[in-house]
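[1] attaching a predicted model along with its sequence, questions to come.
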Amino acid sequence: MDFRGLVKFTLVDYPGKIGCIVFSGGCNLRCPFCHNPCLVFDPASQPRVTEQEFFHFLERRKGLLEGVVFSGGEPLLQPDAPEIVGRVREMGYCAKIDTNGTLPERVEALLDRAGADAFGIDCKAPKERYCQLTGSRDPEVAEKVYRSIALAQASGAELDIRTTVHKALLDEAALGVMYEELKAAGVEQWTLQQYHPVEVIDDELSAKETFPDAELVHIARRFGAGVRVRGLTGRIIDTP
């Protein structure tokens, strides 16, 4: 895999696990709120972590770390992802895949050849607006994301369906449409993620008004108990 970053310790990216995160370069979407634009447009600009370095690190962390998060970019663009994930799981680590869900055939291959313990799948927009909000030219992109969700559900892996929310892109009405679409797909828990005002693909977003924590939590509560809000620290928030 083309590893372009390693966070050696995290308590929030793999809930319930002491983990690390490895990032791969490249992505097939161009989401305006993406906070890893360097991995999308110019992954070669980031220091490379070799597979030897990565697995040496995991050998030394046995008994200290529990899980590995594969993130990006889009890690399932890497053709050898199943082999790498399989090796990680054979070492005794749990493997969580953070994916945009647009490659259901890669999700299926991963599950068939290596398995996975958890998925974080980004559901980015109402189905009819998926191309508009992600920069995809694939008219079937939304259906592919929902196929990936179905595969993850059937696998029995832990599943975190999450949506990054900025009011300029997704207002409450759009979130309501997404809630109904996800509920129809059998999704029981949905995470609304606060927009992170760092370096993003669309620099103008950070200058525009978005939902404060309290308002986003109130929206989540109106949808029901299965909807929660993740704040900028990566932790679930519950603002009165």
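    Great, that's in hand.
[2] quick one: contacts for Glu188?
    Gly226 (Cβ atoms under 8 Å, 6 or more residues apart in numbering). For the C-beta atoms, the positions are set from N, CA and C on the backbone; glycine is no exception.
[3] which ones are touching the residue nearest to the spatial centre of the chain?
    Against the mean C-alpha coordinate of the chain, by Cα atoms, centre = their mean, the closest residue is Asp98 at 3.9 Å. By Cβ under 8 Å, 6+ apart, Asp98 lies in contact with 13, 69-72, 75, 119-120, 122.
[4] of these, closest to Phe55?
    Comparing the contacts of Asp98 against Phe55 with Cβ to Cβ picks out Phe70 as the nearest, at 13.7 Å.
[5] isn't there a strand covering the closest one?
    Yes: counting by DSSP: H, G, I helix; E, B strand; the rest coil, Phe70 is part of a strand.
[6] what's the burial count for it?
    27 (other Cβ atoms under 10 Å).
[7] that one against Val85, yeah?
    Yes: using Cβ atoms under 8 Å, Phe70 is in contact with Val85, at 6.7 Å.
[8] shared neighbours of those two, anything?
    Common neighbours of Phe70 and Val85 (Cβ under 8 Å, 6+ apart) are 95, 97.
[9] how confident was the prediction at the residue nearest to the centre of the chain?
    We have a pLDDT of 98 for Asp98.
[10] element containing it, please.
    Secondary structure from DSSP states H and E places Asp98 in strand 94-99.
[11] and what of Gly5?
    Per DSSP H and E: strand 3-10 holds Gly5.
[12] hmm, who's touching that strand?
    13, 18-25, 39, 43, 46-51, 54, 57, 61, 65, 69, 73.
[13] tell me the first helix or strand C-terminal of it.
    Going down the chain from strand 3-10, the next helix or strand is strand 19-24, by DSSP H and E.
[14] so that next one versus strand 3-10, what angle?
    170 degrees (axes from the mean of the first three to the mean of the last three Cα atoms, to 10 degrees).
[15] contact partners for Pro212?
    Pro212 touches nothing, counting by Cβ under 8 Å, 6+ apart.
[16] er, Arg113 I mean
    82-83, 86.
[17] what do you get if the cut-off is 10 Å, keeping everything else the same?
    By Cβ atoms under 10 Å, 6 or more residues apart in numbering, the contact set of Arg113 is 81-83, 85-86.
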